[in-house]
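[1] Need a 3D model of the following:
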Amino acid sequence: MKRLLLLVPLAFVLAGCFGIGGGGGRSSTLVFGVAAEPVSLDGALAPDVESRRVIAQIFDGLLSLEPGTTTLAPGLAETWSADKTGKVWTFQLRPDVTFTDGTPLGAPAVCANFDRWFHFTGDERDLAKSYYWQRVFGGFAGQPSLYEKCVSRGRSVELHLTRPNSSFLSALPLPAFSIASPASLQAGTPVGTGPFRLDSWTRGAELVLKRNDGYWGRKPALKELVFKVIPDDSARLHALEAGDIDGFDFVSAQDAAEIEQDPELELVARPPFDVGYLTINQAKPPMDELLVREAVAYGLDRQRLAASFQPRGSAVVASLFQPPLVFGSGPTVTYSFRPAEARRLLKLAGLKLPVPIDFWYPTDVSRPYLPDPSGAFSILADGLEKSGFRVIAHTAPWSGDYLVRVDEGRAGQVNLVGWTGDFGDPNDFLGTFFSRPTRQFGFSDPELQTLLARAAAEPDRKVRAALYRKANAQVMALVPGVPLVHTEELVALRGDVHGYVTSPFGPEPFAGVSRSG
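    Next comes the predicted model:
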């Protein structure tokens with residue numbers, strides 16, 4: 001139930017400079033259309049997507065990801081490992097890496113960044129600003145926190161934690177944990193070690209990046225990367241068709257249909273990284289009976305729901321509470337639409353049909369996993385009615401009463417919600433939902449909670465994956481809710497753009513992108 005729709009004040013003040021004209025005239029330049037300009041180029045204080053898009057090109061983190069996956073890969077650190085306690089993680093830095101201001105990368109520079117984040121004060125501690133630090137590490141100095149300290153030893157960085165944990169590793173590739181030059185932190189300018197550097201920023205118009213010719217990794221093919229601000233959806237499409245820009249993302253359903261008809265354009269999909277689901281509140285009888293919860297699962301026409309999403313094929317039926325790309329997925333559990341089986345289970349539970357069920361859904365909202373809440377409710381309610389339930393509809397505005405009701409367990413026996421992942425770790429999904437008792441689901445399972453705590457602390461990734469597969473099976477056997485759909489986001493590109501590998505996180509790095517012609 002991502003609430004992250006907040007803008008934060010600009011953390012870095014940059015003078016407006018000249019920009020270059022739009023268009024994809026030269027093969028060494030790529031122009032990408034964006035809906036808004038960045039709010040901040042300080043990764044730790046930039047939760048909005050347009051800020052993160054630029055930050056990801058200028059900075060590196062300790063770890064990175066294999067392109068298009070959630071698999072961890074070396075970044076500024078070549079290797080990483082935990083001690084026997086699972087509380088001290090050592091990262092061996094690459095040699096001969098420099099920031100674009102000429103400062104050499106060293107362990108003290110990394111620790112300067114972590115210590116800065118940990119010692120945020122005042123409004124920097126607001127969730128709207130430092131969301132990812134708080135999501136991953138918890139509190140700041142003087143508060144309960146997973147982070148304890150950073151110790152530099154030559155080219156080795158030690159991150160000391162207050163308890164065993166390995167889930168945080170999956171968050172280190174996020175722009176929020178970008179490593180900046182210590183000098184730039186004082187000056188308030190974005191200086192990293194990434195494949196591009198900031199060249200100019202014309203407020204409200206465009207932001208221009210130039211290739212970092214001293215980049216430690218594979219040099220980008222592009223010499224220049226321009227983010228052109230075009231707030232209107234249809235205007236971005238027209239700019240793409242005219243060749244004024246070379247791509248844009250978050251393509252609407254109606255624009256996707258037009259793009260598919262244009263031989264000079266193409267659509268690519270980001271792998272699903274969300275889950276829309278139905279909460280079943282076990283504190284509301286008869287949902288405390290497993291047979292009844294299973295009947296709910298069999299009474300949901302999830303395939304019809306997925307097929308209703310536009311463009312067609314942008315949603316798939318979810319079999320688990322985490323996307324399939326996240327490690328630890330499996331075993332696949334499918335509750336197909338079987339009304340007769342649902343009615344049999346309700347009778348077996350000793351209930352008289354139809355069984356009344358309070359079903360809540362939100363208004364005044366559209367999410368990728370819930371683009372049309374009333375339409376989704378109609379489809380699912382129809383299936384439940386055919387399966388021996390008498391559905392009683394309730395609704396409320398999403399950002400007002402609805403989310404509060406869900407969190408407090410006051411949104412009926414079942415309700416529609418969802419979650420978009422923050423980082424590629426099963427703890428970001430299963431841990432968020434089931435690592436502790438919540439009023440939303442109205443149940444507590446100590447065995448499951450112990451299993452999830454063990455999985456989050458385990459340093460060996462293969463062992464973790466096995467533990468999460470076990471946890472997934474346990475969740476689906478308990479039926480605390482029903483995963484409904486995973487959805488894809490679409491990116492539109494001109495046909496001469498090559499090497500653009502979509503990421504489940506989005507936005508993507510441009511270091512491997514090139515243009516022909």
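[2] any idea how the chain splits into domains?
    Segmentation of the chain into domains, based on automatic domain parsing, reads 11-57+194-271+490-517, 60-192, 274-487.
[3] gap between the last one and the chain center?
    What it means is domain 274-487. Put simply, domain 274-487 sits 19 Å off its chain's centre (CA atoms, centre = their mean, to the nearest Å).
[4] And the second one, by the same measure?
    Its chain's C-alpha centre and that of domain 60-192 lie 19 Å apart, by CA atoms, centre = their mean.
[5] tell me the mean pLDDT for it?
    Mean pLDDT, domain 60-192: 96.
[6] sorry, back to before: turn the domains of the chain into CSV, columns for mean neighbour count.
    C-betas here are computed from N, CA, C, even on glycine. Shown next, in CSV, are the domains of the chain (neighbours: other CB atoms under 10 Å):
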stretch, mean neighbour count
domain 11-57+194-271+490-517, 19
domain 60-192, 18
domain 274-487, 19
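[7] Lowest average confidence across the ones you listed, which one?
    Per-stretch mean pLDDT for the domains of the chain is lowest at domain 11-57+194-271+490-517 (a mean of 89).
[8] Which strands and helices lie in contact with the longest helix seen in the chain?
    Assignment by DSSP state H gives helix 461-478 as the longest helix of the chain. Here helix 461-478 touches helix 430-434, helix 446-457, going by 3 or more CB pairs under 8 Å, 6 or more residues apart in numbering; DSSP states H and E.
[9] Now Thr90, what are its backbone angles?
    phi -110, psi 130 (degrees, to the nearest 10).
[10] do His486 as well
    phi -110, psi 150.
[11] distance of it from Ala455?
    Applying CB to CB, to the nearest Å, the value for His486 to Ala455 is 21 Å.
[12] Now do the longest helix of the chain against helix 446-457, angle only.
    Angle, helix 461-478 to helix 446-457, by axes from the mean of the first three to the mean of the last three CA atoms, to 10 degrees: 160 degrees.
[13] Show me where the stretch 201-350 of the chain has its strands.
    206-211, 224-229, 247-249, 265-270, 274-280, 315-317 (DSSP state E, counting those that start in this stretch).
[14] Could you say which one of those strands comes nearest to Ser170?
    When these are compared by CB to CB, strand 274-280 sits nearest Ser170, at 16.2 Å.
[15] what distance separates the start and the end of stretch 54-67?
    In stretch 54-67, first residue to last residue: 17 Å (CA to CA, to the nearest Å).
[16] Would you map the helices across this structure?
    Counting by DSSP H, the helices of the chain are 49-58, 107-118, 131-137, 182-187, 233-242, 253-260, 290-298, 302-307, 339-348, 373-386, 403-407, 430-434, 446-457, 461-478.
[17] Could you save the ones you listed as TSV and add columns showing distance to Val31?
    TSV is the format used below for the helices of the chain (distance: least, CB to CB, whole Å):
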stretch	distance to Val31
helix 49-58	13
helix 107-118	31
helix 131-137	29
helix 182-187	26
helix 233-242	9
helix 253-260	17
helix 290-298	47
helix 302-307	35
helix 339-348	52
helix 373-386	36
helix 403-407	38
helix 430-434	37
helix 446-457	42
helix 461-478	39
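[18] Figure out which of the ones you listed is closest to Gly512.
    Among those, helix 49-58 sits nearest to Gly512 (CB to CB), with 11.6 Å.
[19] Quick one: list the elements packing against the closest one.
    Against helix 49-58 (3+ CB pairs under 8 Å, 6+ apart) you get strand 196-202, strand 206-211, strand 224-229.
[20] quick one: it to strand 224-229, angle?
    Going by the same axes, to 10 degrees, helix 49-58 makes 170 degrees with strand 224-229.
[21] could you check the angle strand 196-202 makes with helix 49-58?
    Angle of helix 49-58 versus strand 196-202, following the same axes, to 10 degrees, is 140 degrees.
[22] what distance separates helix 49-58 from the middle of the whole chain?
    14 Å.
[23] What lies in contact with that helix?
    34-41, 43, 46, 174-176, 178, 190-192, 194-198, 207, 209, 225, 227, 506-511 (CB atoms under 8 Å, 6 or more residues apart in numbering).
[24] got the angle for that helix vs strand 206-211?
    Angle, helix 49-58 to strand 206-211, by the same axes, to 10 degrees: 20 degrees.
[25] end-to-end on stretch 252-267?
    So stretch 252-267: terminal residues 11 Å apart, CA to CA.
[26] which outside residues touch it?
    The contact list for stretch 252-267 (CB under 8 Å, 6+ apart) reads 233-234, 237, 240-241, 251, 310-311, 314, 490-495.
[27] which among these gets closest to Gly154?
    Val491 (41.5 Å).
[28] how near is that closest one to Tyr500?
    Val491 is 7 Å from Tyr500, by CB to CB.
[29] what do the two both touch?
    Joint contacts of Val491 and Tyr500 (CB under 8 Å, 6+ apart) are Gly247, Val268, Glu508.
[30] Skipping its backbone neighbours, what lies nearest Gly328 in space?
    Tyr468 (2.7 Å; CB to CB, 6 or more residues apart in numbering).
[31] and the one you found, what is it in contact with?
    Contacts of Tyr468 by CB under 8 Å, 6+ apart are Gln322, Phe327, Gly328, Ser329, Pro426, Leu430, Ala455.
[32] surely the first one meets Gly328?
    Yes - judged on CB atoms under 8 Å, Gln322 makes contact with Gly328 at a distance of 7.2 Å.
[33] quick one: common contacting residues for those two?
    Common contacts of Gln322 and Gly328 (CB under 8 Å, 6+ apart): Pro426, Tyr468, Asn472.
[34] wait, which of the helices of the chain is closest to Gln282?
    It's helix 290-298; of the helices of the chain, that one is closest to Gln282 (CB to CB) at 7.5 Å.
[35] Give me the helices and strands touching the closest one, please.
    Secondary-structure packing of helix 290-298 (3+ CB pairs under 8 Å, 6+ apart): strand 274-280, helix 339-348.
[36] who's in contact with that helix?
    With contact meaning CB under 8 Å, 6+ apart, helix 290-298 is reached by 278, 280, 282, 286-287, 335-339, 341-343, 345-346, 348-349, 351, 355, 357, 384, 387-389, 414, 478-480, 482.
[37] Not counting sequence-adjacent ones, nearest residue to Val136?
    Ala171 (4.5 Å).
[38] list the contacts for that neighbour?
    Tyr132, Arg135, Val136, Phe177, Asp422, Phe423, Asp425.
[39] Tell me how far the fourth one lies from Arg155.
    Relative to Arg155, Phe177 is positioned 19 Å away (CB to CB).
[40] which residues does Cys150 bridge with?
    Cys150 has these beta-bridge partners by DSSP bridges: Leu159.
[41] before we move on, what about Val491?
    Where Val491 sits in a bridge, its partners, by DSSP bridges, are Asp249, Val268.
[42] still on that earlier bit, can you redo the contacts of Ala171 as TSV, where the extra columns are distance to Ala297?
    Listed next are the contacts of Ala171 as TSV, based on distance: CB to CB, whole Å:
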residue	distance to Ala297
Tyr132	34
Arg135	30
Val136	32
Phe177	38
Asp422	27
Phe423	28
Asp425	26
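[43] roughly how far apart are Ile245 and Thr29?
    In terms of CB to CB, Ile245 sits 11 Å off from Thr29.
[44] quick one on the thing from earlier: next one: the residue nearest to Val136 from Leu62, what distance?
    Distance from Ala171 to Leu62, counting by CB to CB: 10 Å.
[45] try Ile259
    Here the criterion is CB to CB. By it, Ile259 lies 37 Å from Leu62.
[46] Likewise for Val229?
    To Leu62, Val229 is 31 Å away according to CB to CB.
[47] Just give the nearest non-adjacent residue to Pro397, would you?
    Asp364 (4.6 Å).
[48] same check, this time on Ala393
    For Ala393, ignoring the flanking residues on the chain, the nearest one in space by CB to CB, 6+ apart is Phe359 at 6.0 Å.
[49] bridging residues for the one you found?
    Note on Phe359: beta-bridge partners by DSSP bridges are Ala393, Val414.
[50] residues in contact with it?
    With contacts defined as CB under 8 Å, 6+ apart, Phe359 is in contact with Phe377, Leu380, Ala381, Leu384, Val391, Ile392, Ala393, His394, Gly412, Gln413, Val414, Asn415.
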